[in-house]
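Asks: What follows is a protein structure lacking sequence information:
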């Protein structure tokens, strides 16, 4: 197993989580709420102390309405409420916190954080790194290679491909295909009408890929699943729908990035102190951050 470890964090999830956790009343020197910033700063600090990460990146979503997936399918993620203005403001501060901690940050108005992480994961796999995809989003588990993990930090232990199979019913390389069949209500992806989670898992386990499910759909009628004949008709009648869904569920790994170096940089003490003075975060957290320089 490789000694080189890359930690790729789906940062937006942990910003949202921090925003809705009651840490008390944390405000910056200008009086604005910074609960999300405080929680996210604690998360990153604890994470580095725990993992000793030397190669680490945070990817942030910039918009829920302007990604290339919305061009393919306008209702994509349309079921989500817009982030409160207060939270949008704190997102920028969270990116600044990550930067002053020496962490490479990535965001883009056209590509989602998933695609930025996918590109970083693909690059570092080729460089012999063991990737740790840090997220609560099952979509990102599709990026996990043989020696990698998907890690819902704070809830579960890191999961390798076999554990992912136990949790979701399919292996990492099958997750995009599985979601294309049954849909994903979280992202407002319809999938194939009438195909539920259990049926999708059964089909993917039997045929291995969505392409094989579509190409060999006549065989479905003879499978030992409930409603096999009607299932076959649903697939045959909705091949275009399945292809559309796959274009939404599959994470890109070829996004052009200006900088792909995710080595953790040395902390700039002056910038840390200036930012923390503005955020009015306490001396204990500040000391824990400065201690990161010893890791």
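Replies: That came through, no problem. Please read all numbers here as calculations on a predicted model, not as lab measurements. Numbers count the residues shown, from 1 in each chain.
Asks: State the pLDDT value of residue 167.
Replies: Residue 167 is assigned 97 on the pLDDT scale.
Asks: residues near it, how many?
Replies: 14 (other Cβ atoms under 10 Å). To be clear about C-beta, it is placed using only N, CA and C from the backbone, and glycine gets the same treatment.
Asks: For residue 115, which non-adjacent residue is spatially closest?
Replies: Spatial nearest neighbour of residue 115, excluding adjacent residues (Cβ to Cβ, 6 or more residues apart in numbering): residue 252 at 4.0 Å.
Asks: That neighbour - how many residues pack around it?
Replies: The burial count for residue 252: 16, using other Cβ under 10 Å.
Asks: Quick check, it in contact with residue 113.
Replies: No: counting by Cβ atoms under 8 Å, residue 252 stays clear of residue 113, with 11.3 Å between them.
Asks: where in the chain is pLDDT low?
Replies: 1-2, 64 (pLDDT under 70).
Asks: For stretch 170-188, list every residue counted as buried.
Replies: 170-172, 174-184, 187 (16 or more other Cβ atoms under 10 Å).
Asks: mind checking the SS state of the residue nearest to residue 115?
Replies: coil (DSSP: H, G, I helix; E, B strand; the rest coil).
Asks: contacting residues around it?
Replies: 111, 114, 115, 118, 119 (Cβ atoms under 8 Å, 6 or more residues apart in numbering).
Asks: element containing the second one, please.
Replies: Residue 114 belongs to helix 113-126 when elements are defined using DSSP states H and E.
Asks: Following element in sequence after that helix, please.
Replies: strand 130-134.
Asks: what's next to that next one, contact-wise?
Replies: Under Cβ under 8 Å, 6+ apart, the answer for strand 130-134 is 1-2, 4-10, 47, 51, 117, 121, 124-125, 140-141, 143-145, 147-151, 153, 158.
Asks: And for stretch 282-295?
Replies: 41-42, 45, 48-49, 52, 101-102, 266-267, 269, 272-273, 276.
Asks: Compare the residues you listed and tell me which has the most neighbours.
Replies: Of all those, the most densely surrounded is residue 41 (26 neighbours; neighbours counted as other Cβ under 10 Å).
Asks: how about that residue, what does it touch?
Replies: 94, 97, 279, 281, 285, 289.
Asks: Strands of the stretch 101-250 of the chain, start to end?
Replies: Assigned by DSSP state E, counting those that start in this stretch, the stretch 101-250 of the chain shows strands spanning 104-108, 130-134, 149-151.
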